[in-house]
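>>> Turn this into a model:
(chains A and B)
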Amino acid sequence: MTSSEPKTPYYITTAITYPNGVPHIGHAYEYIATDAMARFKRLDGYDVMFLTGTDEHGMKIAQTAAKEGITPKELVDRNTAAYKSAHQVLEISYDRFIRTTDADHYEASQAVWKKMEEAGDIYLGKYEGWYSVRDEAYYAEDETELREDGKRYSIQTDTELTWTEEESYFFRLSQYQDKLLKLYEEQPTFGAPRSRFNEVISFVKSGLEDLSISRTTFDWGVPVPGNDKHVMYVWVDALTNYLTGVGYPDTEAESFKKYWPADVHVIGKDISRFHAVYWPAFLMSAGLELPKRVMIHGFLNNNGVKMSKSLGNVVAPADWVAQYGLDQVRFFLLREVPFGADGSYSHDAVVGRMNADLANNLGNLAQRSLSMVAKNCEGKVPQPGTLAPEDHELLARAERLLEKSRAAYEVQDFHGSLEAIWTVLGDSNAYFAEQAPWVLRKTDVERMNTVLYVTLEVLRIVSILVQPVMPTSAGKLLDVLGQHDDGARDFAAIGTALVPGTSLPAPTPIFPKYEEPAAG
RNA sequence: GGGGCGGUAGCUCAGUCGGUUAGAGCAAACGACUCAUAAUCGUUCGGUCGUGGGUUCAAGCCCCACCCGCCCUACCA
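Predicted coordinates for the structure are as follows:
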């Protein structure tokens, strides 16, 4: 590969978070997974654009702000800071943190609206439903109950409801059923995992109604072009952030031409419909290309129990990072739970991964081999002799990890990549024990050198491949292997073996073991 | 109600087209080793594959029924 060759662009997004609370481990999970994906692609030579941010409009923000006696903007300024801080703590390598209150986002949202309007897909109609004056909110039929006084109430907020009709703009979603089904058929990996995607498909097959896309009951939002009485209602505004982030409405902008359509939107299972149904329909209407993939991840629960404020089992990302360490948290989340499935976390599970996988299998392998090199090879990469079949075999397994990881990351299977890597680490520990270089030291120094060299090679390859998940720790491992950040850490360098004679720094343990605080 | 997914070792899960003694990791027990973060390696222990029928030479896998758990069934980020 020559340096003049342009890199392939790769555009990835997280969902934008509604900053009506504080970040929890579920948010962290999505950020970390997306970050790992972005880092992987960068290391693999792609020109990556990674977008994340906050969705700051809507009724709930307006209500919360009113309750606290501050303006919506003051509220979101305050709350968004907490999310930005979480990104910082988790070392999320985003290229832009978008806020839907950013000026360019207003412009983009209104431009998309106009495109859909020009396409004849937006019309003015009436939205009707059970409305709570006090909550300023509509409730679906099943969120309400008819009580003995003959009046209907919101079950959730216990407020009286009235049947209300409100002027609203609608999007002709009903016109897109066939087009969407065609999309799903032609692009079977548009949504993933398959089980979630099937739910989306069956939803579309069951028939689509037009979608109410504006409100007049509150004004905290993007004004509808040409009718200031209305603000856009959630999804038109929120989803458009993915376009704003790369320069829309300037479709001739370099970044837009380069990055759109997005390669993957990473989202939670609660918003799969909006991303896999409404979003492609909006884009078709606006005459824009569709994202290539919507990756739907599951939710995390605490030891089998759903996270909830009232149970007090909600984990703040910063607390975990302080307790276990950032890379340990990142590794745990991506190794423990197959991405796409729901997962469970517990202190014991984190400690298990942290100690068994990181400190013992990886950290100790590095420490024992590097210590021998320091003591017996003058602290330099040893010169290997002729490779034996078992050396070739182990190295071949390590080398295959690049292709395995590429295939896994292509479908956001972080768990699968890490599992394959740790299988090779298991092989390496067995190899090290079988070869017993500490015995060879006394009987066959050349063979000892070979075994240590092969082990270091495996560690080098593994370290390069775990960088997306554990950037700092993998960097430290590469430091002690004498691999500097001058290209030697890119995936392209995996085929470039260690140079015998290279001086190595004194090894120090990189993955500490978790010790339970003394009782009492 | 309708649709879908799952129930396999103490725990978390894998089991390709039905085909020999159902696998892995963790946990547990024992042994080995001493280079290493009391790490590592090996061996062993451990399952009537949710229940009951059926098809088949052969069923964890296919069919039927039932039990249990979870998810989807539009305006909530």
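>>> residue ranges with poor pLDDT in the stretch 251-400 of chain A?
Along the stretch 251-400 of chain A, no part satisfies pLDDT under 70.
>>> Roughly how far does the residue of the stretch 251-400 of chain A at minimum distance from RNA strand B sit from A:Leu181?
Across the stretch 251-400 of chain A, no residue is closer to RNA strand B than A:Gly363, which sits at 1.9 Å (CB to the nearest atom of the strand). Where you see a C-beta, it was placed from the backbone N, CA and C, and this is true even at glycine. As judged by CB to CB, to the nearest Å, A:Gly363 and A:Leu181 stand 50 Å apart.
>>> Which one's more surrounded, the two?
Set A:Gly363 next to A:Leu181 and count neighbours by other CB atoms under 10 Å: A:Gly363 wins out with 20 against 13.
>>> SS state for that one?
helix (DSSP: H, G, I helix; E, B strand; the rest coil).
>>> Could you report the neighbour count for A:Ala253?
So A:Ala253, with other CB under 10 Å, has 14 neighbours.
>>> residues in the stretch 401-520 of chain A within reach of RNA strand B, list them.
A:426, A:429-430, A:432-434, A:436-439, A:509-513 (CB under 7 Å from any atom of the strand).
>>> Can you give me the first-to-last residue distance of stretch A:491-502?
20 Å (CA to CA, to the nearest Å).
>>> I'd say the residue of the stretch 251-400 of chain A closest to RNA strand B and A:Val480 touch.
No. If you go by CB atoms under 8 Å, A:Gly363 and A:Val480 don't touch, sitting 11.1 Å apart.
>>> what about A:Leu418, which helix or strand?
helix A:414-435 (DSSP states H and E).
>>> Determine the three-state secondary structure at A:Pro291.
coil.
>>> okay, now it: neighbour count?
A:Pro291 has 22 neighbouring residues, counting by other CB under 10 Å.
>>> what residue ranges in the stretch 1-150 of chain A are flagged as low confidence?
Ranges of the stretch 1-150 of chain A meeting pLDDT under 70: A:1-4, A:135-136, A:142-143.
>>> circling back to that earlier point, what's the PyMOL syntax to select whichever of the residues of the stretch 401-520 of chain A next to RNA strand B are buried?
Applying 16 or more other CB atoms under 10 Å to those, the buried members can be selected in PyMOL as follows:
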select buried, chain A and resi 429+432+437+510+511
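>>> Considering the residues of the stretch 401-520 of chain A next to RNA strand B, which is situated nearest to A:Tyr409?
Minimum distance to A:Tyr409 across these is 21.3 Å, recorded for A:Gly426 (CB to CB).
>>> Tell me who's in contact with that closest one.
A:Asn361 (CB atoms under 8 Å, 6 or more residues apart in numbering).
>>> can you tell me how far it sits from A:Pro471?
24 Å.
>>> hang on, A:Trp163 is in a helix, isn't it?
No. Using three-state DSSP, the secondary structure at A:Trp163 is strand, not a helix.
>>> And for the spatially closest residue to it that is not a sequence neighbour, the neighbour number?
Excluding its sequence neighbours, the residue lying closest to A:Trp163 (CB to CB, 6 or more residues apart in numbering) is A:Trp130, at 6.4 Å. Other residues within reach of A:Trp130, judged by other CB under 10 Å, total 19.
>>> Tell me the secondary structure at A:Ser344.
strand.
>>> Test my guess that it contacts A:Asn301.
Yes. Contact criterion CB under 8 Å: A:Ser344 and A:Asn301 qualify, at 5.4 Å.
>>> Between these two, which has more neighbouring residues?
Comparing A:Ser344 with A:Asn301 by other CB under 10 Å, the one with more neighbours is A:Asn301, at 17 against 14.
>>> So the more buried one versus A:Ser310, what's the distance?
15 Å.
>>> For A:Met232, list each beta-bridge partner.
The bridge-partner assignment for A:Met232, based on DSSP bridges, gives A:Ser214.
>>> Tell me how many other residues crowd it.
26.
>>> OK, contacts around it?
A:57, A:109, A:113, A:213-214, A:221-224.
>>> shouldn't A:Thr34 be in contact with A:Thr13?
Yes. Judged on CB under 8 Å, A:Thr34 makes contact with A:Thr13 at a distance of 7.4 Å.
>>> Need the overlap of contacts for those two.
A:50, A:52, A:266.
>>> which of those residues tops the neighbour count?
Busiest of those [other CB under 10 Å] is A:Thr52, holding 28 neighbours.
>>> and stretch A:226-235, is it in reach of RNA strand B?
Yes. Using CB under 7 Å from any atom of the strand, we find that stretch A:226-235 touches RNA strand B at A:233-235.
>>> ok, now stretch A:191-204?
Yes. Against RNA strand B, stretch A:191-204 shows contacts by CB under 7 Å from any atom of the strand at A:195, A:198-199, A:202-203.
>>> Okay, and which of those residues map to helices?
Secondary structure assignment by DSSP state H places A:195, A:198-199, A:202-203 of the residues of stretch A:191-204 next to RNA strand B in helices.
>>> For A:Gln177, state which of these is nearest.
A:Phe203 (10.5 Å).
>>> Relative to A:Ala408, how far out is that closest one?
29 Å.
>>> the more surrounded of the two?
Neighbours were counted for A:Phe203 and for A:Ala408 using other CB under 10 Å; A:Ala408 has more, 21 against 15.
>>> That one touches A:Leu402, doesn't it?
No. Contact criterion CB under 8 Å: A:Ala408 and A:Leu402 do not qualify, at 10.8 Å.
>>> What does the pLDDT read for the closest residue to RNA strand B within the stretch 201-350 of chain A?
Distances between the stretch 201-350 of chain A and RNA strand B by CB to the nearest atom of the strand are smallest at A:Glu209, namely 3.4 Å. pLDDT, A:Glu209: 92.
>>> Might one say that it is in contact with A:Ser174?
Yes. Using CB under 8 Å, A:Glu209 is in contact with A:Ser174, at 6.0 Å.
>>> Of those two, which one has the most company?
Taking neighbours as other CB under 10 Å, A:Glu209 and A:Ser174 compare with A:Ser174 leading, 13 against 9.
>>> Could you tell me whether the more buried one really is in a strand?
No. Counting by three-state DSSP, A:Ser174 is located in no strand; its state is helix.
>>> roughly how far apart are it and RNA strand B?
7 Å (CB to the nearest atom of the strand, to the nearest Å).
>>> so what pLDDT did that residue get?
On the pLDDT scale, A:Ser174 gets 94.
>>> Contacts only, for it.
A:207-210.
>>> Restricted to helices, list the residues you listed.
Among these, no member falls in helices (DSSP H).
>>> any idea which of the residues you listed is closest to A:Ala65?
Nearest member of the contacts of A:Ser174 to A:Ala65, counting by CB to CB, is A:Asp210, at 30.5 Å.
>>> Contacts only, for that closest one.
Counting by CB under 8 Å, 6+ apart, A:Asp210 has contacts A:125, A:170-174.
>>> Excluding chain neighbours, what is closest to it?
Going by CB to CB, 6+ apart, A:Asp210 has A:Phe170 as its nearest residue, at 4.4 Å.
>>> same question, A:Tyr248
Per CB to CB, 6+ apart, closest to A:Tyr248 is A:Ala108, 4.7 Å.
>>> For the closest residue to A:Tyr46 other than its chain neighbours, give me phi and psi.
Distances taken as CB to CB, 6+ apart place A:Tyr10 nearest to A:Tyr46, at 4.1 Å, with adjacent residues excluded. In this entry, A:Tyr10 is assigned phi and psi values of phi -140, psi 120 (degrees, to the nearest 10).
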